[in-house]
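Student: I would like to see how this sequence folds:
(one chain, ligands or ions: 2)
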Amino acid sequence: MTRILLLGGTTEANLMAQAIAKAELPAVYSYAGRTETPMGQPIHMRVGGFGGTEGLCAYLQAEQITHVIDATHPFAAQMSSNAVAACTATGTALIALERAPWTPGEGDLWTRVPDLPSAVAALAGPPRRVFLAIGRQHVDAFAAQPQHRYLLRVVDEPTGLLPFPAEVVVARGPFDLAGDIDLMRQHETEVVVAKNAGGKGAVAKIAAARALGLPVVMIDRPVLPQRRVAHGVADVMAWLSA
Ligand code: 3Y8
Ligand code: NAP
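Tutor: Numbering: from 1, shown residues only. Ligands and ions are numbered 1, 2, ... in the order given. Coordinates of the predicted model:
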């Protein structure tokens, strides 16, 4: 009896949930509970951490999960590592639904950096107007470069004080090119800091930077442990029926 755990929180996970619902397979969509009102899903939802690898093992066994689909964001490295460890420990089938990283094209002015601290270091120098489009969780690190005028885009109203004065835009993607060009023009953005998320939901600011001839500090994805990978919903559905 197939019982699926879909680790979600992305556009791809939402498409996966639609396909699973259509196939009427028993499944649960899992959110970390990072945002106040996560999007509804056409399959059963759970919200919150599992309690590390151990908690995930216990969940897999208690819920008699037969297949785990890791459709989390490429920067959700902890969740993806825990999924590999727990599925190995419990002998549960695992597949990751990944999106290809963005690659620089004609007119792109990227400075690629391996991780967040190097993105902070890349901002050393005279004050500039920086569009920090990496969400809320890792903003504090940029207090090391307080000379800039920051524009932050976050999903929910920030609670508590920000580590530095910043203009804040509260918006949940997916974003579009025209909107991001307007936003960056209004803010007179001079440089964009982004994660190489890949996919369509966050790409608007990269295309907007290209259109405006602006440099981008592009944070490469964290390295993840080895696991089976699919690049489309159909591949995952084929794996499920195999
Ligand atoms: C809670 C689920 C859908 C999926 C929407 C995708 C696209 C829009 C683009 C910018 C970049 C960023 C951020 C972003 C995008 C999609 C997708 C994607 C980037 C939601 C969601 C959850 C989250 C968590 C949130 C993080 C933050 C990251 C904002 C729902 C809307 C910056 C990543 O405030 C916080 O603590 C937010 C944290 C993790 C990264 C960070 O470190 O701050 N996503 N985003 C998921 C959960 O609880 O499990 O609330 O409905 C999902 C989406 N965000 O519904 O169509 O698929 O990538 N999300 C990045 O790429 O850099 C915004 O502003 O241009
Ligand atoms: P992370 O750093 O890899 O995970 C930290 C902890 O959060 C995990 O160990 C786990 O807690 C819990 N967690 C993460 N994803 C979960 C899920 N889907 N279901 C249940 N628990 C989850 O994760 P993150 O980068 O904060 O991302 C959190 C969520 O936001 C994920 O759903 C991800 O897909 C989504 N998201 C992230 C980004 C991003 O930039 N990171 C962008 C868009 C969407 P326990 O150890 O207690 O199990």
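Student: ok, which residues in the protein are in contact with ligand 1?
Tutor: Within the chain, the positions adjacent to ligand 1 are 9-11, 14, 31-35, 38-39, 73, 133-138, 153-156, 172-175, 195, 197, 199, 201-202, 205 by CB under 6 Å from any ligand atom. Backbone N, C-alpha and C define where each C-beta goes, glycine included.
Student: Return the subset of the residues you listed lying in strands.
Tutor: 31, 153-154, 195 (DSSP state E).
Student: out of those residues, who's nearest residue 119?
Tutor: residue 195 (8.8 Å; CB to CB).
Student: The closest one and ligand 2, how far apart?
Tutor: Distance from residue 195 to ligand 2, counting by CB to the nearest ligand atom, to the nearest Å: 6 Å.
Student: Kindly report the same for residue 227.
Tutor: Distance from residue 227 to ligand 2, by CB to the nearest ligand atom: 14 Å.
Student: Could you pull up the contacting residues of residue 11?
Tutor: Contacts here follow CB atoms under 8 Å, 6 or more residues apart in numbering; on that basis residue 11 touches 174, 199-201.
Student: now it: how far from ligand 2?
Tutor: From residue 11 to ligand 2 the distance is 9 Å (CB to the nearest ligand atom).
Student: Same check on residue 3?
Tutor: 16 Å.
Student: count of neighbours near the residue lying closest to residue 109 once chain neighbours are set aside?
Tutor: The shortest distance from residue 109 to any non-neighbouring residue, by CB to CB, 6 or more residues apart in numbering, is to residue 215 (4.3 Å). Counted with other CB atoms under 10 Å, the neighbours of residue 215 add up to 16.
Student: likewise residue 14?
Tutor: With other CB under 10 Å as criterion, residue 14 counts 18.
Student: quick one on the thing from earlier: report the two of the ones in strands among the residues of the chain next to ligand 1 separated the most.
Tutor: Longest span within these, CB to CB: 31 and 153, 20.0 Å.
Student: Compare these two (neighbour count), which wins?
Tutor: The residue with more neighbours, out of residue 31 and residue 153, is residue 153; 22 against 18, by other CB under 10 Å.
Student: list the contacts for that one?
Tutor: 131-133, 135, 168-171, 183.
Student: Any figure for the gap between it and residue 41?
Tutor: Using CB to CB, to the nearest Å, one obtains 24 Å as the distance from residue 153 to residue 41.
Student: ditto for residue 220
Tutor: Taken as CB to CB, the span from residue 220 to residue 41 is 30 Å.
Student: Tell me which of those two has more neighbours.
Tutor: Between residue 220 and residue 41, residue 41 has the larger neighbour count (other CB under 10 Å), namely 21 against 15.
Student: which residues of the chain score low on pLDDT?
Tutor: For the chain, no stretch is flagged by pLDDT under 70.
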